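Q: Sequence first, predicted coordinates after that:
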Amino acid sequence: MNIKQYKKQIIACAIALCVGVGGGYYFFGTPAGTQQSVETNQTKQTKPLTEARNTYVVQAAKKSGPAIVGITTQVFQKDIFNRTIYAGEGVGSGVLIDNEGHIVTNNHVVSGASNGEVTVSLSDGTTVKGTVMGTDEQSDLAVVKIDPPKNIQPVAIGDSDSLQVGEPAIAIGNPLGLEFKGSVTSGVISALARTIDDQGQRFPLIQTDAAINPGNSGGALLNADGELIGINSSKISKEGVEGMGFAIPINSAKPIIDSIIKNGKVIRPYLGVWAVDRQTAARNNVSYEGEGLLIVQLDPTGPVARAGIVEGDTIAQIDGKNVSTLIELKEQIDAKSPGDTILVSYTHNGKMKSTQVTLGQSSSN
C-alpha cells in the first residue's frame, strides 16, 4: 500500500479498537417501570464507625460524594420525513468543581443537548437546570453551569501527575442511570499514560480497575484522599475483558476546562498536519525511512505546508525534542500558543532538515 492509498484509508476511518464509551446511558422512548431515584438515608448508623470500617473509601465518598451529579440530556432524532422528534433521554455523570456552579463532564454526555440545556440532579435529590457552556470533542470534555445551591460542596482538585501505579482509586458516578446514582466503586491505578486510540486520543489516560459502567462517564476518579484526579471517560468493552476503565487526568483537563469557562470553547495552536507513527503505519503495510511520524496529509494552507514540508516527509523533533507518537506530537504542540514559532526537524528524501513553523489557531467550535 502506498502513501496515497493509506492516506485515503486513514482519513476515511479511525483504526478500529474495542473501546466502548463508559457513559451516556440512554433511555429511548418512555422506559416502562423506570422512575426517578428516590433518596434514601444511606448513613443510618447510631454509633460512630469503628476504625476498621471507616476506611479511606468511606472517607473519600463522604468528602467528595456531594460533588457528583447526574446529567440528563433530552435526545432528539430525525424521522423519515426529516422532522425532529423526541427519542428519549441520555443520562451521565458530572463533577462540581467550584463554588460558582461549574460542572465538568464528558462531551459525549451532553453533545445531544437540546438548546444547550440539561437537567442536573444534585446529590441531595434536587434537580436544577444546567446550561452547556462549551464542549471539546477532541478531549471529550464539556462544562455545564448551574446556579450554585446554598449548600454547594465542590470537589477538591488533586494532582494527577503525582499518581503512582498501584495506589487506591475510587470512582463515583451514576451507572445505568439515576436509579443507581452516587454509586461508589474502588480499585487501584492500574497504569498511567495509556493510549487506546492511536489517531484521536488527545493525551495519555489513567487506567483503573475500579468499575466504570455506562452512566459513569463524566463522573469522578478520586485518590485515597478524596481528591479529583480524573474524569471517567471510557472502558474496554470486549467479551472476557473486565476491569479496564480509563479516565482523563485532571492536570490535562484543567487547561481545557479553564478555556471553556473563559471563552466558551477551546483555543488551540494549529499545525495543519495528519501523521502516523511507525507502528500504525506497519499495521497498514506502509513503511518509511527516518525517525518520527510519517506525514500522510497536509492542510495546503496550514503552517507546516507553508514552511515547505510535504507529504511523505517524517517529523522527527519539535524544538529539539523527539516525537515518535501522535500523543507526543500533540503534547508538544498543546504546550504552545497560537502565533508561537517552533523548530521542526524532519526527514525529506532521506536527508534531515529543520525549519521554523509559526503555529496557527483552531478552536473546538
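A: Thanks, I have the structure now.

Q: Going along the chain, name the strands of the stretch 251-365 of the chain.
A: In the stretch 251-365 of the chain, the strands defined using DSSP state E, counting those that start in this stretch lie at 267-270, 273-276, 293-298, 314-318, 321-322, 341-348, 351-358, 360-363.

Q: can you put those in a markdown table and add mean pLDDT and distance to I206?
A: From N, CA and C alone the C-beta is placed, and that goes for glycine too. A markdown table is the format used below for these (pLDDT from 0 to 100; distance: least, CB to CB, whole Å):
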| stretch | mean pLDDT | distance to I206 |
| --- | --- | --- |
| strand 267-270 | 90 | 22 |
| strand 273-276 | 90 | 25 |
| strand 293-298 | 92 | 25 |
| strand 314-318 | 93 | 25 |
| strand 321-322 | 94 | 23 |
| strand 341-348 | 94 | 28 |
| strand 351-358 | 94 | 32 |
| strand 360-363 | 86 | 26 |
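
Q: JSON lines for these, including distance to K63 and mean neighbour count?
A: Below are the strands of the stretch 251-365 of the chain laid out as JSON lines (distance: least, CB to CB, whole Å; neighbours: other CB atoms under 10 Å):
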{"stretch": "strand 267-270", "distance to K63": "34", "mean neighbour count": "19"}
{"stretch": "strand 273-276", "distance to K63": "43", "mean neighbour count": "22"}
{"stretch": "strand 293-298", "distance to K63": "43", "mean neighbour count": "22"}
{"stretch": "strand 314-318", "distance to K63": "41", "mean neighbour count": "21"}
{"stretch": "strand 321-322", "distance to K63": "39", "mean neighbour count": "12"}
{"stretch": "strand 341-348", "distance to K63": "42", "mean neighbour count": "18"}
{"stretch": "strand 351-358", "distance to K63": "46", "mean neighbour count": "13"}
{"stretch": "strand 360-363", "distance to K63": "36", "mean neighbour count": "15"}
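
Q: Low-confidence ranges, this protein, go.
A: Judged by pLDDT under 70, the chain has its weakly predicted residues at 1-46, 75-79, 84-89, 177, 197-202, 235-243, 365.

Q: could you measure P214 against A335, distance?
A: Distance of P214 to A335, given as CB to CB, to the nearest Å: 34 Å.

Q: Can you get me a residue count around G308?
A: Applying other CB atoms under 10 Å, we find 12 residues neighbouring G308.

Q: same deal with V132?
A: Neighbour tally, V132, other CB under 10 Å: 24.

Q: got a list of what it touches?
A: Listed by CB atoms under 8 Å, 6 or more residues apart in numbering, the contact partners of V132 are V110, A113, G116, E117, V118, A142, V143, V144.

Q: I'd like the strands of the stretch 251-365 of the chain as TSV, with distance to N174 appended.
A: As requested, the strands of the stretch 251-365 of the chain are exported to TSV (distance: least, CB to CB, whole Å):
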stretch	distance to N174
strand 267-270	31
strand 273-276	37
strand 293-298	39
strand 314-318	41
strand 321-322	41
strand 341-348	42
strand 351-358	45
strand 360-363	30
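
Q: Right, I'll leave it there.
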